[in-house]
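Trainee: Build me a model:
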Amino acid sequence: MDMQDEIEGLAILIRDLRKHKNLTLGELAERIGRSLGFLSQVERGLSRPTVADLTAISETLGVPTTYFYSLSKPRALPWVTRPGERRTLYYGGGITDVLVSPRISAGFSMLDSYLEPGASSGEGHLNDSDEQGGFVLEGELSIWLGDDPQAVTLGPNDSFQLPPHSQFRYANLTDQPTRVLWVFK
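Mentor: Next up, the predicted model:
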């Protein structure tokens, strides 16, 4: 699958889940604090949501964010994933997440997250119901926790762990790419 196929697959998952939950496009847009036009473009595959947008959509629709990785590619071994077998989400804001876990229904999930220079999870804080942590593989990751205006900047081999419902946002404030291995429980 190429990037456009992945974006269209995400659009279909969001639209179908919203309809299944009997929400109008306007109701979902209002609940996540985004415009009707923006959400319409996301559902048609014309715009990509930020990490914060997709987290808000998943929380509002009552599914974990990993739900949107559910379109599995064929694998030879059910407990192993190889690069060509992984599901990828291309977010707005310059972030690409690759699900590296073989299963999303297990006790935890792992993502290889790539942040382009200047990439951000979005203006709003994430409030994910999952406990999560990360290990910075390369580059720098800045994290703002709660209302603290001061970011904590992590470099290669630094790690972090956040409890469920932590209010946070993150970004790559450098001119070099950043890679982070995220773990969600």
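Trainee: Might you list the low-confidence residue ranges for the protein?
Mentor: Residue ranges of the chain with pLDDT under 70: 1, 70-74, 104-105.
Trainee: domain ranges for it?
Mentor: Following automatic domain parsing, the chain resolves into domains at 3-68, 73-184.
Trainee: Output these as TSV; include the columns mean neighbour count.
Mentor: In short, each C-beta sits where N, CA and C put it, glycine included. Shown next, in TSV, are the domains of the chain (neighbours: other CB atoms under 10 Å):
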stretch	mean neighbour count
domain 3-68	17
domain 73-184	16
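Trainee: Centre of this structure to the edge, which residue is at the far end?
Mentor: The centre of the chain is farthest from one residue, Ala76, which by CA atoms, centre = their mean lies 26.1 Å away.
Trainee: Helix, strand or coil: sort out that residue for me.
Mentor: The local conformation at Ala76, judged by DSSP: H, G, I helix; E, B strand; the rest coil, is coil.
Trainee: same check, this time on Ala11
Mentor: Criterion first, three-state DSSP; result for Ala11: helix.
Trainee: Identify the spatial nearest neighbour of it, chain neighbours not counted.
Mentor: Nearest non-adjacent residue to Ala11, counting by CB to CB, 6 or more residues apart in numbering: Gly45, 3.9 Å away.
Trainee: swap in Glu138?
Mentor: Using CB to CB, 6+ apart, the closest residue to Glu138 is Arg179 (4.8 Å).
Trainee: follow-up on the earlier one: roughly how far apart are the residue farthest from the centre of the chain and Arg82?
Mentor: 8 Å (CB to CB, to the nearest Å).
Trainee: Ok, Ser129 next?
Mentor: 30 Å.
Trainee: now Ser121
Mentor: Counting by CB to CB, the gap from Ser121 to Arg82 is 28 Å.
Trainee: name the element Arg34 belongs to?
Mentor: For Arg34, there is no enclosing helix or strand under DSSP states H and E.
Trainee: repeat for the one 4 residues further on
Mentor: Taking DSSP H and E as the criterion, the element that holds Phe38 is helix 36-43.
Trainee: Give me the contacts around that helix.
Mentor: 11, 14-15, 18, 25-26, 28-29, 32, 47-49, 53 (CB atoms under 8 Å, 6 or more residues apart in numbering).
Trainee: Helices - which of those land there?
Mentor: 11, 14-15, 18, 25-26, 28-29, 32, 53 (DSSP state H).
Trainee: tell me the contacts of Glu8?
Mentor: Gly45.
Trainee: hmm, try it at 10 Å
Mentor: 1-2, 44-46 (CB atoms under 10 Å, 6 or more residues apart in numbering).
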